[in-house]
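A.B. asks: Structure, please.
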Amino acid sequence: MKNFFKLLTPIFALFLFTACSSKNPPLQTVQKVELNKYLGSWYKIARYEHFFERDCKNVTANYSMMDEKTIKVINRCTKIQTNEKKEATGRAYAIDGSNSKLKVSFFRPFYGDYWVLMLDENYSYAVVGTPSREYLWILAREKTISEEVKNEILQKLPTLGFDTSKFIWTIQE
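C.D. replies: Model (predicted):
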């Protein structure tokens, strides 16, 4: 067991060093997310590469309440080449009263950040990312978004430190 902790100590120190050093300013989230409006099904319109969604089409996320504080997350997609359907179930919880910063886990006890960066007043689209700028998603209630909304999002993201050229635009059938 001691050897295990000896191995983890430098890895943990490296993680802390890289997590605390960033060329980007602190990431701002939306002021408030009303969870009851946010719950339900979302289409992933565009995304940064993520292992679960690699080579997938028809990528969706569904959010529902498990209990007062825990959100059930179900991500689904279809492999482009084989039409194999994939599903991953996780859980999330808000870290403050704004509900705009969540912790999400598909592999407990490990949790990742899920920050709501943009949200339409009617909850028709959302942009979700991580403060590290490693992950980013454009979500919508419909399979497509208008060019106007798409352009608004794409214009704002570089000011938040995100590279829009990294987007993979999801095939939604």
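A.B. asks: quick check: mean pLDDT across stretch 96-106?
C.D. replies: Here stretch 96-106 scores 97 as its mean pLDDT.
A.B. asks: any chance you could map the helices in this protein?
C.D. replies: Here the chain has its helices, by DSSP state H, at 2-20, 35-38, 147-156.
A.B. asks: weakest of the ones you listed in terms of mean pLDDT?
C.D. replies: The bottom spot among the helices of the chain, by mean pLDDT, belongs to helix 2-20, with a mean of 37.
A.B. asks: Low-confidence ranges, this protein, go.
C.D. replies: Applying pLDDT under 70 to the chain flags residues 1-22.
A.B. asks: which residues touch Ala61?
C.D. replies: When contacts are counted by Cβ atoms under 8 Å, 6 or more residues apart in numbering, Ala61 touches 41-42, 44, 73-76, 139. No exception for glycine: its C-beta is placed from N, CA and C like everyone else's.
A.B. asks: Could you do Asn62 as well?
C.D. replies: 40-42, 73-74, 76.
A.B. asks: Surely Phe162 and Leu136 touch.
C.D. replies: Yes - Phe162 lies in contact with Leu136 (Cβ atoms under 8 Å); the separation is 5.5 Å.
A.B. asks: Mutual contacts of those two, please.
C.D. replies: Residues touching both Phe162 and Leu136 (Cβ under 8 Å, 6+ apart): Gly129.
A.B. asks: How about the residue lying closest to Asp120 once chain neighbours are set aside: which residues does it bridge to?
C.D. replies: Nearest non-adjacent residue to Asp120, counting by Cβ to Cβ, 6 or more residues apart in numbering: Ala126, 7.1 Å away. For Ala126, the beta-bridge partners are Leu119, Leu139 (DSSP bridges).
A.B. asks: ok, Ala126 to Thr82 distance?
C.D. replies: Separation of Ala126 from Thr82 (Cβ to Cβ, to the nearest Å) stands at 30 Å.
A.B. asks: need the contact list for the nearest residue in space to Ile95 that is not next to it in sequence.
C.D. replies: Leaving aside its chain neighbours, Ile95 sits nearest to Lys101 (4.9 Å; criterion: Cβ to Cβ, 6+ apart). By Cβ under 8 Å, 6+ apart, Lys101 lies in contact with 29, 94-95, 113-116.
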